[in-house]
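# got a structure for you, letters missing:
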């Protein structure tokens, strides 16, 4: 399993334990490029999570999409091995 896949597995586990709804859109010819890895609804909030392997940063397209989500009132988190254990706290502090 790749480092990013391990982060995604931990994010899925955390969201499931929290009872959050989430979807993982697949980038394809019919999707929207740059969409974060997880689109989440939790306690009447729209959230998004972009997962990365340690040290990797979102692309310019991902950054632009995340900013559009923020501009629309959503919250966005970039999660990697260094902060995945804090995801529950980050979400619940909203």
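Now that the structure is in, tell me what you want to look at. Note that the structure is predicted; figures quoted are calculated from it, not measured. Numbering: from 1, shown residues only.

# could you check the pLDDT of residue 35?
Per-residue pLDDT puts residue 35 at 95.

# again, but for residue 31
The predicted local confidence for residue 31 is 69.

# and the strand ranked longest in the chain, what does it pack against?
Assignment by DSSP state E gives strand 45-51 as the longest strand of the chain. Packed against strand 45-51 by the contact rule (3 or more C-beta pairs under 8 Å, 6 or more residues apart in numbering; DSSP states H and E) you find helix 3-18, strand 38-42, helix 60-71, strand 75-79. Any C-beta I mention is one placed from the backbone N, CA and C, and that applies to glycine too.

# please identify the most buried of the ones you listed.
strand 75-79 (a mean of 20; mean count of other C-beta atoms under 10 Å).

# nearest spatial neighbour of the spatially most central residue of the chain, chain-adjacent residues omitted?
In the chain, the centroid-proximal residue (C-alpha atoms, centre = their mean) is residue 49; its distance is 0.9 Å. In space, and not counting its chain neighbours, residue 49 is closest to residue 38: 4.1 Å by C-beta to C-beta, 6 or more residues apart in numbering.

# pull the contacting residues for residue 35.
25, 27, 65 (C-beta atoms under 8 Å, 6 or more residues apart in numbering).

# ok, the last one - contacts?
The one in question is residue 65. Counting by C-beta under 8 Å, 6+ apart, residue 65 touches 32, 34, 35, 36.

# swap the cut-off to 10 Å and go again
By C-beta atoms under 10 Å, 6 or more residues apart in numbering, residue 65 lies in contact with 32, 33, 34, 35, 36, 48, 50, 58, 59, 76.

# PyMOL command for the buried members of those?
In PyMOL syntax, the buried subset of the contacts of residue 65 is picked out as below (16 or more other C-beta atoms under 10 Å):
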select buried, resi 34+35+36+48+50+58+76
